[in-house]
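> give the three-dimensional model of this entry:
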Amino acid sequence: MNWATRNAWYAGAASVCVATLGLMIVWPMLSHRETLLLPTTTPVAQPPKAAPATPVNVEPAAVATESQPKPVELPKVRNTSSLSALKKPASPSAGSAKQPEQAETIVVTGLRQTLQSSMDMKRDAVGVVDTITAEDIGSFPDVNLAERLRRIPGVAIDAQNRDAFEHFEINPLQRVADVPVSTFSVDVDTASYSFVRRELNDGVLPPKDAVRAEEMINYFDYAWPVPSSQDRPFQPTVVVSDSPWNAGRKLVHIAIKGYELPATRQPDANLVLLLDVSGSMDEPDKLPLVKQSMRLLLSSLKPTDTVAIVVYAGAAGMVLEPTEVRGQEKIVQALESLQPGGSTAGAEGIRLAYDLAASRFRKDAVNRILLATDGDFNVGITDTQKLKDYVERQREKGIFLSVLGFGAGNYRDEMAQALAQNGNGVAAYIDTVNEAQKVLVQEASGSLFTIAKDVKIQVEFNPAAVAEYRLVGYETRALKREDFNNDAVDAGDVGAGHTVTAIYEITPVGSGASLIDQSRYIPAKAPVQAARRPTELGYLKIRYKLPDQDKSRLIELSIPVKTLAAPAIVQREVAFSTAVAGFAQLLRGGTYTGSLSYEDIIRQAQAAQGEDRYGYRAEFVKLVKAAQVAKGM
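Numbering: from 1, shown residues only. Model prediction:
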């Protein structure tokens with residue numbers, strides 16, 4: 001073989017060897033291509049999508065193993081409309097250290113069994129297929145998917161936008177000449193205040209529909225005068241004061257404080273604890289807090305009270321038959337055995353709880369179900385109206401329902417409100433152990449023992465003395481004028497020791513502070529009847545039923561133009577409740593509060609703090625300051 005031929009043969013053989021070696025190196029990388037993009041510093045643009053990807057469940061073991069680096073938790077993102085939006089840090093000021101950039105989009109794709117080996121081989125590989133939005137998360141059958149995705153390094157998920165609240169518009173200003181009568185049901189719920197507190201403690205302003213002024217005001221216990229007999233469970237207190245946010249206007253406080261049952265006269269309680277143990281309850285502020293709360297409740301019950309436990313997840317079941325509290329160890333053991341998992345068959349759980357309460361119904365006791373849940377019912381009856389109708393029918397049998405909300409992310413406040421209102425119970429939101437102590441220990445008698453039901457308030461204003469009025473709060477408790485005298489119309493209940501405070505802002509005739517102009521073409525109506533009572537601002541009526549009666553009773557009281565000076569302690573309570581009312585209105589936008597500021601509220605609340613045995617009023621001042629920070633003021 002000549003030199004030319006031999007050199008050509010060597011060159012060909014070398015080329016084949018190089019090609020074979022290259023293929024051996026490249027082929028494993030191609031066959032194990034990584035399929036999960038975890039953005040770090042710079043957003044990655046998506047290529048055009050050829051076809052939508054099929055969503056799959058992401059198992060934690062597939063994305064977090066010992067061979068991978070520890071997941072890094074990004075700052076929590078709040079008040080965004082998509083799971084793919086991450087908060088950008090503020091631009092650094094001159095001379096400050098440059099802040100690291102954060103991803104603006106989170107892209108999650110299909111996951112293969114080879115994920116671990118591919119990530120070990122080449123951690124910066126990219127395989128973009130599709131994005132996941134909040135709507136996608138809500139439609140996936142795995143209720144824990146959001147939590148599982150949250151464990152992936154670099155993934156931040158905002159579950160806040162799944163909390164649901166009933167939308168309502170704030171009460172408008174009314175001309176007395178057009179609408180002289182205002183009618184509403186009382187409300188002793190406190191869920192709004194504790195949810196707002198949770199949001200502010202997280203550094204964000206609450207959704208406007210989460211702010212119900214009456215629940216903010218009634219969260220606090222006030223030293224209103226108390227009745228001396230259970231036969232008349234409360235007596236109204238009316239105080240007229242100057243409006244701190246609108247010169248020339250007045251505030252009319254209408255307050256009642258329920259009769260406090262002595263411990264020796266409290267009936268036994270037949271309680272069924274209906275506990276949500278679905279997979280979404282697997283968070284520290286959910287099922288573990290539920291267990292702590294129920295243990296606190298046991299400490300406030302009598303040895304002869306009975307407790308049963310029903311749970312629901314994918315299905316419902318009885319964990320503990322009715323057991324006397326004297327056997328507390330058995331009840332605690334049943335509570336500690338509960339573990340989260342599955343979907344949320346809430347309607348089935350409610351049915352089972354009512355069946356159990358009915359089977360052990362005690363005529364001489366309070367028969368009540370306490371529902372503890374973090375969110376909506378996604379199995380069985382999910383229609384709010386159908387659930388309301390069912391609870392209402394059970395109410396007529398003497399079995400009542402109260403709702404305790406826990407956690408955030410899929411909290412259905414409007415469902416809790418509807419069930420509690422129709423179940424003759426209270427709706428509370430438990431965000432801390434301290435709140436559980438307040439609701440289930442300090443205010444246990446109010447939460448369990450009803451002293452008056454179907455309590456309605458009606459005020460008729462005198463057009464000769466009042467030009468305009470506006471009720472602060474109670475938008476979701478409004479009643480028709482004719483509902484007041486109709487005993488078939490349901491209304492709110494008042495428990496032992498509960499306080500209810502309602503505040504009207506009024507514009508006196510001739511004050512020059514009216515917002516509504518007199519009609520050019522329709523003359524003012526002659527106040528014939530009003531002229532006979534020139535000394536009255538209006539007339540107050542309160543209807544209520546005793547717990548064991550179906551016919552209502554009536555309390556009536558005139559509201560004088562000139563009132564005597566209230567005792568110092570009552571004036572203090574008026575000042576503090578006014579501060580809370582102003583804060584609630586500012587959180588909803590401050591449409592009618594003029595130049596009122598957070599600083600004004602802080603000064604007034606601090607001056608009216610009083611004894612503050614449990615520190616709730618001092619905490620309120622801190623929340624106002626937190627709102628200042630969240631609003632950037």
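> any idea how far residue 333 lies from residue 359?
23 Å (C-beta to C-beta, to the nearest Å). (Glycine included, C-beta is placed from N, CA and C.)
> then residue 483?
Relative to residue 359, and taking C-beta to C-beta, residue 483 is found at 35 Å.
> how about residue 206?
Going from residue 206 to residue 359 by C-beta to C-beta gives 41 Å.
> looking at the two, which one has more neighbours?
Between residue 206 and residue 359, residue 206 has the larger neighbour count (other C-beta atoms under 10 Å), namely 22 against 10.
> wait, doesn't residue 370 sit right on residue 269?
No: contact criterion C-beta atoms under 8 Å: residue 370 and residue 269 do not qualify, at 10.1 Å.
> with neighbour numbers in mind, choose between the two.
More neighbours surround residue 370 than the other of residue 370 and residue 269, with 25 against 22 (other C-beta under 10 Å).
> just the CA trace of the helix or strand where that one lies, in CSV.
For residue 370, the host element (DSSP states H and E) is strand 366-373. Extracted C-alpha coordinates of strand 366-373, given in CSV (Å, rounded to 0.1, in the frame of the first residue of the first chain):
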residue,chain,number,x,y,z
VAL,A,366,-78.0,23.8,74.3
ASN,A,367,-77.7,21.6,71.2
ARG,A,368,-75.1,23.1,68.9
ILE,A,369,-72.7,22.1,66.2
LEU,A,370,-69.3,23.9,66.0
LEU,A,371,-67.9,23.7,62.4
ALA,A,372,-64.2,24.3,62.1
THR,A,373,-62.9,24.6,58.5
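> ok and the helix or strand just after that strand relative to strand 366-373, angle-wise?
Downstream of strand 366-373, the next assigned helix or strand under DSSP H and E is helix 384-395. Here helix 384-395 runs at an angle of 160 degrees relative to strand 366-373 (axes from the mean of the first three to the mean of the last three C-alpha atoms, to 10 degrees).
> mind listing what's buried along helix 384-395?
384, 387-388, 390-392, 394-395 (16 or more other C-beta atoms under 10 Å).
> low-confidence stretches in the stretch 201-350 of the chain?
Scanning the stretch 201-350 of the chain for pLDDT under 70 picks out 314-315, 342-346.
> how about 80 then?
The stretch 201-350 of the chain contains residues with pLDDT under 80 at 314-316, 342-348.
> list the buried residues of stretch 486-505.
Residues of stretch 486-505 classed as buried by neighbour count (16+ other C-beta under 10 Å): 489-505.
> pLDDT of that stretch, averaged?
Over the span of stretch 486-505, the pLDDT mean works out to 95.
> quick revisit: mind checking which of the buried residues of stretch 486-505 land in strands?
Filtering those for membership in strands, criterion DSSP state E, returns 492-495, 499-505.
> and those, which two are the farthest apart?
By the measure C-beta to C-beta, 495 and 505 form the most distant pair in those, at 28.0 Å.
> coming back round to it: ok, the buried residues of helix 384-395 vs residue 211, which is closest?
For the buried residues of helix 384-395, the nearest to residue 211 is residue 384 (20.9 Å; C-beta to C-beta).
> so who does that closest one touch?
With contact taken as C-beta atoms under 8 Å, 6 or more residues apart in numbering, residue 384 is in contact with 414-415, 418.
> now do residue 271
Shown in contact with residue 271 (C-beta under 8 Å, 6+ apart): 301, 305-308, 368-370, 448.
> gap between it and residue 321?
The value you get for residue 271 to residue 321, if C-beta to C-beta is used, is 13 Å.
> shared neighbours, the two?
residue 308.
> got phi/psi on the nearest residue to residue 366 once chain neighbours are set aside?
In space, residue 366 comes closest to residue 269 once its chain neighbours are excluded; the distance is 4.9 Å by C-beta to C-beta, 6 or more residues apart in numbering. Note on residue 269: its backbone torsions stand at phi -120, psi 130 [degrees, to the nearest 10].
> hang on, isn't residue 269 packed against residue 300?
No: the pair residue 269 / residue 300 is not scored as a contact, 9.8 Å apart, by C-beta under 8 Å.
> scan this protein for its longest strand.
Scanning the chain for the strand with the most residues, using DSSP E, yields strand 450-461.
> ok, then the element right after that strand?
As assigned by DSSP H and E, the chain's next helix or strand after strand 450-461 is strand 466-472.
> for that following strand, buried residues please.
466-472.
> show me which of these is closest to residue 564.
Residue 564 lies nearest to residue 466 out of the buried residues of strand 466-472, by C-beta to C-beta, at 19.6 Å.
> show me the contacts for residue 216.
Going by C-beta under 8 Å, 6+ apart, residue 216 touches 192-193, 196, 473, 580-581, 583-584.
> in strands, which of these appear?
Reading strands off those, I find no matches (DSSP E).
> just put those residues in TSV and tack on distance to residue 543 and neighbour count.
Output for the contacts of residue 216, formatted as TSV (distance: C-beta to C-beta, whole Å; neighbours: other C-beta atoms under 10 Å):
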residue	distance to residue 543	neighbour count
192	25	29
193	27	25
196	31	26
473	20	26
580	26	25
581	24	26
583	30	29
584	26	23
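> pick the one among those residues closest to residue 631.
residue 583 (12.1 Å).
> helices along the stretch 151-300 of the chain, start to end?
Using DSSP state H, counting those that start in this stretch, the helices of the stretch 151-300 of the chain run over 191-201, 213-217, 287-299.
> still on that earlier bit, just put the contacts of residue 271 in TSV and tack on distance to residue 167.
Formatted as TSV, the contacts of residue 271 follow (distance: C-beta to C-beta, whole Å):
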residue	distance to residue 167
301	38
305	39
306	40
307	37
308	36
368	30
369	28
370	28
448	31
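> narrow these to just the buried residues.
Buried subset of these (neighbour count, 16+ other C-beta under 10 Å): 301, 305-308, 368-370, 448.
> least confident secondary structure element in the protein?
helix 60-63 (a mean of 34; mean pLDDT, DSSP states H and E).
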